[in-house]
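A.B. asks: Quick one, fold the following:
(one chain, ligands or ions: 1)
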Amino acid sequence: MKIKAILFCLLLAGVAHGQDQKMDRFIDELLRKMTVEEKLGQLNLSSGVGDLKVITEGEGRLDYIKQGLIGSAWGMNSQKAAVEESRMGIPLITGRDVIHGYKTTFPIPLAMSCMWDVEKIEKMARISAIEASCAGINWTYSPMVDISRDPRWGRVAEGAGEDPYLGSLIAKAYVRGYQGDDLSKENTILACVKHFALYGAPEAGRDYNTVDMSRITMYEDYLPPYKAAVEAGVGTAMTSFNVVDMVPATGNKWLMTDLLREDWGFDGFVVTDYTAINEMIHHGLGDLQTVAVKALKAGVDMDMVGQSYIGTLKKSLEEGKVTEDEIDRACRRILEAKYKLGLFDKPYQYFDEERAEKYWLSDEHQAYARELAARSCVLLKNSNEVLPLKKEGAIAVIGPLANSKIDMLGTWAATRDTTDIVPIIDGIRNVAGTNADVLFAQGSYFTEDSFLINRRRAKDQQITIDKQKSKQLLDEAKEVADKADVIVAVLGEPRSWSGEASSRADIGLPECQQRLLKELLNTGKPVVLVLGNGRPLALSWENEHVDAMLETWHAGVQAGNGIADVLFGDFNPSGKITMTFPRVVGQAPIYYNHNRTGRPQNETSYFTSRYLDIPNTPLFPFGYGLSYTTFEYSDIQLNKNEFSANEKLVASVTVTNTGEYEGEEVVQLYINDPAASVSRPVKELKGFEKIVLAPGESKTVDFTITTDHLKFYNSDLEYGWEPGDFNIYIGTSSKEVKSEKVNWRK
Ligand code: BGC
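C.D. replies: Numbers count the residues shown, from 1 in each chain. The predicted structure follows:
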């Protein structure tokens, strides 16, 4: 049996090798025939609209394509020009930011990470690929796997939160979902892990700001998800805008070649982020010709939009600043990707109206979007069991987000089409049924700051603030609230306040929304705060005063229905936050797996690491989220307490559903190394399991732990474990855990 398996593996390896050889021969042949200009053309990505004008000859994009000067384009109708009208007939590769769905928009990635369910994310990515690949798209600039610990940074909406372990599992799931098991199929697309690297750690949370971090922190906390994507076979990687060790990532050879390719074995192509080569001039690395040389030599293959390669590399070649081999190397990697996608055989396979008709916003995809909208919700507070709502009586739904369609799409939605979006108010009406009277009032603007309110994306509605209207909105809201038995306040951020170039220094609810909330609370009626936002917000005041809080993020095309399923208890919330929610913004950066200090907070001591005005702890810790039912955890059972190197620890807890609803719980395992050669974090996530329990039911969850779970990078960047004591924690969040101590000897 074993021999048969080995023979089969050898056969597969042989087939793969044969295919590789065939591809190599094909590309050798192409490269032999291509001019330098045509090779540089392959390294040139054109957006069609925002291209920097470095190349000037020719009539425009189509003309450049025919001349072979563009290898990748965003427009989706130029394939014919490339294949049938250019000298070499090399097809274009077409990328887009399909990051949480294509036509069927799912919740924002941060929201989906709160499901703690990698299979569901993989299926979402699969659906995204199926839908996008009908429209000519064969490459997505996703997954964005940048770890971030700072809620001010607007792009946290696009990632999976603050934890490298969970982030790595999610990174792999996206890659598997997009690329499937055969890239050459018409419904699989290339993934692009981004933004390599450390883009999620800009100083003070301001987008595009500088980054500075120790190598240990890089290796321990920030690099793992990129590496995981490489392990999953991601076909491309995108550079980040920031510096890494003071060298812009886009010109950083250590990052792009030594680490990515040599250490991790990445064998796809690297694309820059939008005009990132040109931006190295602002970083202070030299003129355009110089920075283009740096990028190519660092191992960066494709220039997104900046036209620095097509505009300057020929000159650099003539001046001996780059070699033709270096150009060929980049060109080869791009041609390989095109080959693997099947583009040379079937350049038009990604255009398919029939498939589009069948899959775009299909009933099945919409049902899945509804499920994910519900699953991404996190119940932050629920006092007096005000939730789930009853499907009767008068329910006042009030707030600027309640009837917004466009904002449900969240940042980076591939579509701006709002036709099918179910806003929250409609979802509540749909699910409440006919026995409930659902009332609505807008209540307030998102903000009365005219810059902020109109910082909306091109086609989003522009708003003029009118003080009179503002008062009128509030009066209407009070009137509606007075008629209700329960008030659902739907507040938060419009979609344009998170995502790229959308950092906020104040992450509370804007003043006019707070004013509205206070008026609603003044009615004395129960108030449920439904939050829609792209980042953790600072909600201390709200948490103190409202009865219930449900975090719904920006939940996608089926937002209203999915959220209403949760509000009325048709779906019992099971999401857990993947980013810490601070008490106030001054705590940022704030994250659960922080390191220790020599002066930990201590009430009796003066010289201690603390704030004078607030506790050190967050408002809601990583991994936190409530359910309509309650779970009780037993103490941890261990198979034993002392282990030698090759032994396995089995740590078990029994979880019992002690409430009245069936519910899902994410049982979380954390480990801490209390004494090592370097100071280690207070706690690190090392495993989790999602279980479903009927009322009264108990399940035992076993975590098997080996010395692999204990490994870390020391000051010499050696990866290993050190014998000694370890704390094992298992619980419902990073804060609420049971604990046990074990010992591992060499
Ligand atoms: C963003 C990337 C994105 C690219 C293309 C850039 O500005 O940083 O995440 O993929 O644009 O749209």
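A.B. asks: Stretch 574-585: end-to-end distance?
C.D. replies: From its first residue to its last, stretch 574-585 covers 26 Å (C-alpha to C-alpha, to the nearest Å).
A.B. asks: Could you check how far the strand or helix carrying Ile428 is from the centre of its chain?
C.D. replies: Take DSSP states H and E as the rule and Ile428 turns out to sit in helix 424-432. Distance of helix 424-432 from the chain centroid (C-alpha atoms, centre = their mean, to the nearest Å) equals 28 Å.
A.B. asks: With stretch 148-165 instead?
C.D. replies: In terms of C-alpha atoms, centre = their mean, the centre of stretch 148-165 is set 7 Å apart from its chain centre.
A.B. asks: same thing with stretch 686-706?
C.D. replies: For stretch 686-706, the distance to the chain centre is 26 Å (C-alpha atoms, centre = their mean).
A.B. asks: what sits up against that stretch?
C.D. replies: Stretch 686-706 is contacted by residues 116-117, 165-166, 574, 629, 631, 648-671, 709, 728, 730 when judged by C-beta atoms under 8 Å, 6 or more residues apart in numbering. Any C-beta I mention is one placed from the backbone N, CA and C, and that applies to glycine too.
A.B. asks: cutoff 7 Å now
C.D. replies: Applying C-beta atoms under 7 Å, 6 or more residues apart in numbering, the contact partners of stretch 686-706 are 116-117, 165, 629, 648-657, 659-671, 709.
A.B. asks: which among those residues end up buried?
C.D. replies: The neighbour-count test (16 or more other C-beta atoms under 10 Å) marks 116-117, 165, 629, 649, 651-653, 655-657, 659, 663-671, 709 as buried among the contacts of stretch 686-706.
A.B. asks: about what we covered before: name the strands paired with the very next helix or strand once past the helix holding Ile428 and say parallel or antiparallel.
C.D. replies: Going down the chain from helix 424-432, the next helix or strand is strand 436-441, by DSSP H and E. Its sheet considered, strand 436-441 pairs with strand 393-398 (parallel) by DSSP bridges.
A.B. asks: For the strand it pairs with, list the C-alpha coordinates in CSV.
C.D. replies: Backbone C-alpha positions of strand 393-398 (Å, rounded to 0.1, in the frame of the first residue of the first chain) are rendered in CSV as follows:
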residue,chain,number,x,y,z
GLY,A,393,-45.2,45.5,19.1
ALA,A,394,-43.8,48.8,17.8
ILE,A,395,-40.1,48.8,16.8
ALA,A,396,-38.5,52.1,16.0
VAL,A,397,-35.5,51.8,13.7
ILE,A,398,-33.6,55.0,13.8
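A.B. asks: okay, the angle between that strand and helix 424-432?
C.D. replies: With axes from the mean of the first three to the mean of the last three C-alpha atoms, to 10 degrees defining the directions, strand 393-398 sits at 160 degrees from helix 424-432.
A.B. asks: least trustworthy helix or strand in this structure by mean pLDDT?
C.D. replies: Ranked by mean pLDDT, DSSP states H and E, the weakest helix or strand in the chain is helix 2-33, scoring a mean of 78.
A.B. asks: buried residues in stretch 532-545?
C.D. replies: Buried-residue list, stretch 532-545, by 16+ other C-beta under 10 Å: 532-539, 542-543.
A.B. asks: which ones are touching the residue nearest the centre of the chain?
C.D. replies: By C-alpha atoms, centre = their mean, the mean C-alpha position of the chain lies nearest to Gly159, the distance being 2.1 Å. Shown in contact with Gly159 (C-beta under 7 Å, 6+ apart): 109-110, 144-146, 148, 200.
A.B. asks: For it, give its distance to the ligand.
C.D. replies: Remark: distance between Gly159 and the ligand (C-beta to the nearest ligand atom, to the nearest Å) = 11 Å.
A.B. asks: Can you read off the pLDDT for that residue?
C.D. replies: Gly159 carries a pLDDT value of 98.
A.B. asks: go on, the one 5 residues further on?
C.D. replies: According to the predicted model, the pLDDT of Pro164 comes to 98.
A.B. asks: I'd assumed Pro224 was in contact with it.
C.D. replies: Yes: counting by C-beta atoms under 7 Å, Pro164 does reach Pro224; the two are 4.1 Å apart.
A.B. asks: who has more neighbours, these two?
C.D. replies: Pro164 (24 against 20; other C-beta atoms under 10 Å).
A.B. asks: tell me which of the contacts of Gly159 is nearest to the ligand?
C.D. replies: Met144 (6.4 Å; C-beta to the nearest ligand atom).
A.B. asks: so how many other residues sit close to the closest one?
C.D. replies: For Met144, using other C-beta under 10 Å, the count is 26.
A.B. asks: near the ligand, which residues of this protein show up?
C.D. replies: 97, 141, 194, 273-274, 500 (C-beta under 6 Å from any ligand atom).
A.B. asks: How far does stretch 453-472 sit from its chain's centre?
C.D. replies: The mean C-alpha position of stretch 453-472 is separated from the chain mean by 29 Å, C-alpha atoms, centre = their mean.
A.B. asks: what comes into contact with it?
C.D. replies: By C-beta under 7 Å, 6+ apart, the list of residues contacting stretch 453-472 reads 406, 416, 444-448, 450, 494, 496, 512.
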